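S.K.: what shape does this take:
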Amino acid sequence: MTRLSLARLSLARQLLLLQMLMVVLVVGVVGWVSTVQADQSFRRHETRRLLATAEATATEGVVRGALVLDDPATEADESARLRESLPERLERVRAAAGASYIMLVAVDDDVLTALPPLGKGDPLDLAAATRRGAGWTGTTERFGQKSVEAQVAVFADGSFEQLGIAPGDVIGYLTIGRNYPSRLEVLRAAIPNALLYFAIAGAIGVGGSLLIARRVKRQTLGLEPGEITALVEQREAMLHGVREGVLGVDGTGRVAFANDEAVALLELPGPSRGRRVDELEVGPEVRAALRGEAAGRDVVVAVGGRLLVLNTQPVRIRARRTGWVTTMRDRTELLALEQELAAAQAGTDTLRAQVHEFRNRLHAIAGMAELGRMDRVSEFVHAVMSDLDGRVGQVSAQVDDPAVASLLVAKASRADELGIDFLLTPESHLGVHDAALSADLVTVVGNLVDNAFDAVSPGGRVQVELAESAGRIVVEVADTGGGIAAEDLARVFELGWTTKHGSDAALHGFGLALTRMACRRHGGSVTVGQREGAVLRAELYTDEAAR
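M.R.: Sure, this is the predicted structure:
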């Protein structure tokens with residue numbers, strides 16, 4: 001039967017077929033073992049019985065008398081009578097013992113009687129132990145068949161002393177043997193037991209196969225092996241095909257499955273299937289989410305340089321919870337995009353304010369022209385340009401990086417609109433850096449300044465200090481707001497934590513987390529302290545040697 005035709009059979013039929021094959025194999029092995037055991041038992045039993053028969057026969061007077069020739073003390077007709085009665089006596093012994101042959105040989109190897117007769121050239125095959133007077137048993141080839149055989153020496157008794165034969169002298173040898181049964185005979189003898197064994201084993205096998213098949217079908221929800229294989233293959237293809245990370249944990253806290261995206265997002269170093277969640281190299285908040293301990297939906301956690309959104313749901317089978325399934329999405333780019341949109345919105349608001357201010361100034365210039373005060377127009381325009389040039393010139397003189405310089409100019413305009421005193425310290429200095437570091441500096445400066453703007457009221461002050469030396473960049477933003485409560489100092493960098501309230505509170509709480517991630521990407525960190533208000537200090541490094 002080919003593999004394809006076997007796969008088409010139902011589970012019950014496959015189990016039944018395999019069980020019957022096992023039954024046939026077991027019966028065959030049992031038959032072979034029984035044959036070997038029967039052979040050993042036959043040899044052991046028959047050799048003992050034949051040896052006992054040979055030893056008893058060798059002590060009979062007719063056997064001893066037939067071996068002594070030309071006894072002068074006896075009549076010739078008596079010796080002849082003993083010789084004539086010997087074959088009949090040995091035949092009775094052979095028949096009574098169930099032997100196949102019997103043979104009496106004189107010490108000079110003269111065969112007195114052999115039943116059946118020896119053929120021409122048939123060897124006597126007397127063992128050396130027999131010639132020494134000891135009994136011998138074993139297997140041999142006699143009359144073209146394998147046989148078990150017993151050989152004994154015939155000893156003289158005291159009745160032959162007048163002939164010069166002392167008691168105990170060896171006067172001949174008696175051999176008796178039985179042929180092994182043929183294979184056909186063994187088979188005929190074994191067939192009834194074999195059929196009985198086969199019937200019993202077959203009945204047990206069929207019943208057991210049906211019970212096992214029924215239990216397996218119940219456990220596999222009635223699915224056949226081919227359907228189970230297809231289901232597993234489809235599940236694997238689906239898990240590894242989705243772009244979201246999916247990781248399952250069983251009831252014992254071990255990872256049951258994890259697709260490629262989950263391994264990449266969690267930055268797992270190797271195969272995770274079968275490992276306990278506590279053994280995974282992830283943060284405590286991720287472990288809590290994977291075990292279903294983190295409350296809420298869309299739980300945001302930090303893994304390396306990513307912000308992941310985790311959703312964990314319990315898995316229930318037959319109303320019993322068997323584990324947890326966690327889906328995960330990379331929200332880093334989305335949050336960065338939100339920050340960029342927020343920055344763009346702030347820039348738009350700044351431009352709108354500047355447009356409004358510029359319109360007011362144009363109206364002032366137009367009014368002075370209509371009043372004929374042209375001398376005042378020139379002074380007014382000169383004052384406005386001087387103020388704008390002074391602000392841009394100060395930032396450009398201290399900050400060479402164009403992205404950070406543009407950000408600071410925009411934040412200064414935003415501060416004017418909010419009524420906040422925005423100050424870049426005179427000691428500040430920052431050089432030009434590559435695009436990646438410049439983008440992270442914009443993230444750090446923008447988030448720290450925005451948090452400071454949110455903390456102060458109109459009339460307050462926000463001070464920015466930039467310092468760079470020996471490959472180390474320090475960004476410090478201080479404000480004169482109310483500061484941060486002592487119990488909240490340890491939470492300011494938690495994902496989603498914010499002091500803001502209202503309908504848009506869920507959109508906040510990521511700025512400082514993104515700031516910390518940007519600093520860590522460059523081997524630095526960010527800390528928070530208190531002075532007049534809050535002071536946030538970020539450090540970044542431009543190369544590995546400076547860290």
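
S.K.: so what are the domain limits for this structure?
M.R.: 58-180, 242-330, 396-546 (automatic domain parsing).

S.K.: okay, those domains in JSON lines with distance to residue 49, mean neighbour count and mean pLDDT next?
M.R.: From N, CA and C alone the C-beta is placed, and that goes for glycine too. What follows is these, written out as JSON lines (distance: least, Cβ to Cβ, whole Å; neighbours: other Cβ atoms under 10 Å; pLDDT from 0 to 100):
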{"stretch": "domain 58-180", "distance to residue 49": "7", "mean neighbour count": "16", "mean pLDDT": "82"}
{"stretch": "domain 242-330", "distance to residue 49": "65", "mean neighbour count": "16", "mean pLDDT": "80"}
{"stretch": "domain 396-546", "distance to residue 49": "94", "mean neighbour count": "17", "mean pLDDT": "79"}
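
S.K.: out of these, which comes closest to residue 201?
M.R.: domain 58-180 (28.8 Å; Cβ to Cβ).

S.K.: and that closest one, end to end?
M.R.: 24 Å (Cα to Cα, to the nearest Å).

S.K.: hmm, who's touching the helix or strand hosting residue 423?
M.R.: Taking DSSP states H and E as the definition, one finds residue 423 inside strand 421-424. Strand 421-424 is contacted by residues 394-395, 398-399, 408, 411-412, 414-416, 459-466 when judged by Cβ atoms under 8 Å, 6 or more residues apart in numbering.

S.K.: just the helices in the stretch 1-150 of the chain please.
M.R.: Assigned by DSSP state H, counting those that start in this stretch, the helices in the stretch 1-150 of the chain fall at 3-8, 11-57, 61-67, 76-97, 128-131.

S.K.: same for the second one, what does it pack against?
M.R.: Same thing as helix 11-57. Helices and strands touching helix 11-57, by 3 or more Cβ pairs under 8 Å, 6 or more residues apart in numbering; DSSP states H and E, are helix 76-97, strand 136-142, strand 145-155, strand 170-179, helix 183-219.

S.K.: from the chain's centre, how far out does stretch 300-309 sit?
M.R.: Chain-centre distance of stretch 300-309: 27 Å, with Cα atoms, centre = their mean, to the nearest Å.

S.K.: need the residues that contact that stretch.
M.R.: For stretch 300-309, with Cβ under 8 Å, 6+ apart as the criterion, the contacting residues are 245, 265-267, 282-283, 285-286, 289, 298-299, 310, 328-332, 335, 495-496, 510, 513-514, 517, 520-521.

S.K.: just the ones of those in helices?
M.R.: The members of the contacts of stretch 300-309 that map onto helices under DSSP state H are 265-266, 285-286, 289, 332, 335, 513-514, 517, 520-521.

S.K.: and these, which two are furthest apart?
M.R.: Taking every pair in these and measuring Cβ to Cβ, the maximum separation is 23.4 Å, between 289 and 521.

S.K.: tell me the pLDDT of residue 392.
M.R.: Per-residue pLDDT puts residue 392 at 66.

S.K.: one more: residue 228?
M.R.: Residue-level confidence at residue 228 comes out at 70, pLDDT.

S.K.: cool, residue 231 as well?
M.R.: The model reports residue 231 with a pLDDT of 71.

S.K.: repeat that for the one 5 residues further on.
M.R.: Residue 236 carries a pLDDT score of 71 in this model.

S.K.: isn't there a strand covering it?
M.R.: No. According to DSSP: H, G, I helix; E, B strand; the rest coil, residue 236 belongs to no strand; its state is helix.

S.K.: hang on, the earlier thing: closest one to residue 38 out of the ones in helices among the contacts of stretch 300-309, please.
M.R.: Nearest to residue 38 among the ones in helices among the contacts of stretch 300-309: residue 266, at 66.7 Å, using Cβ to Cβ.

S.K.: quick check: the closest one touching residue 282?
M.R.: Yes. Between residue 266 and residue 282 there is a contact under Cβ atoms under 8 Å: 5.6 Å.

S.K.: now do the contacts for the nearest residue to residue 133 once chain neighbours are set aside.
M.R.: Leaving out its chain neighbours, the residue that sits closest to residue 133 by Cβ to Cβ, 6 or more residues apart in numbering is residue 153, at 4.5 Å. By Cβ under 8 Å, 6+ apart, the contact set of residue 153 is 58, 130-135, 170, 172-174.

S.K.: ok, those vs residue 258, which is closest?
M.R.: Nearest to residue 258 among these, with distances taken as Cβ to Cβ, is residue 135, at 78.2 Å.

S.K.: check contacts around that closest one.
M.R.: 51, 54-55, 129, 150-153.

S.K.: before we move on, the earlier item: from residue 229, how far off is the residue nearest to residue 133?
M.R.: Counting by Cβ to Cβ, to the nearest Å, the gap from residue 153 to residue 229 is 75 Å.

S.K.: could you do residue 139 as well?
M.R.: Taking Cβ to Cβ, one finds residue 139 at 56 Å from residue 229.

S.K.: residue 292: what secondary structure?
M.R.: Assignment for residue 292 (three-state DSSP): coil.

S.K.: hmm, residue 311 and it touching each other?
M.R.: No. Contact criterion Cβ under 8 Å: residue 292 and residue 311 do not qualify, at 10.8 Å.

S.K.: would you tell me which of the helices and strands packed on helix 11-57 gets closest to residue 37?
M.R.: helix 183-219 (11.2 Å).

S.K.: mean confidence for the closest one?
M.R.: Mean pLDDT, helix 183-219: 71.

S.K.: please identify the helix or strand for residue 316.
M.R.: strand 306-317.

S.K.: what does residue 462 give?
M.R.: Residue 462 is part of strand 461-469 when elements are defined by DSSP H and E.

S.K.: let me see the contact set for the closest residue to residue 399 other than its chain neighbours.
M.R.: Excluding its sequence neighbours, the residue lying closest to residue 399 (Cβ to Cβ, 6+ apart) is residue 405, at 4.2 Å. Taking Cβ under 8 Å, 6+ apart, we find residue 405 in contact with 395-396, 399.

S.K.: hmm, residue 26 is touching residue 201, no?
M.R.: Yes. Under the criterion of Cβ under 8 Å, residue 26 makes contact with residue 201 at 6.3 Å.

S.K.: which of the two has more neighbours?
M.R.: Neighbours per residue (other Cβ atoms under 10 Å) separate residue 26 from residue 201, with residue 201 holding more: 18 against 14.

S.K.: the more buried one touches residue 21, doesn't it?
M.R.: No. In this structure residue 201 lies outside contact range of residue 21 using Cβ under 8 Å: 11.7 Å.

S.K.: circling back to that earlier point, same list (the helices and strands packed on helix 11-57) but as TSV, adding distance to residue 14.
M.R.: As requested, the helices and strands packed on helix 11-57 are exported to TSV (distance: least, Cβ to Cβ, whole Å):
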stretch	distance to residue 14
helix 76-97	55
strand 136-142	47
strand 145-155	45
strand 170-179	47
helix 183-219	8
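
S.K.: those: which one's closest to residue 535?
M.R.: helix 183-219 (64.2 Å).

S.K.: re earlier: can you redo the contacts of residue 405 as TSV with distance to residue 163?
M.R.: Listed next are those as TSV, based on distance: Cβ to Cβ, whole Å:
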residue	distance to residue 163
395	148
396	149
399	143
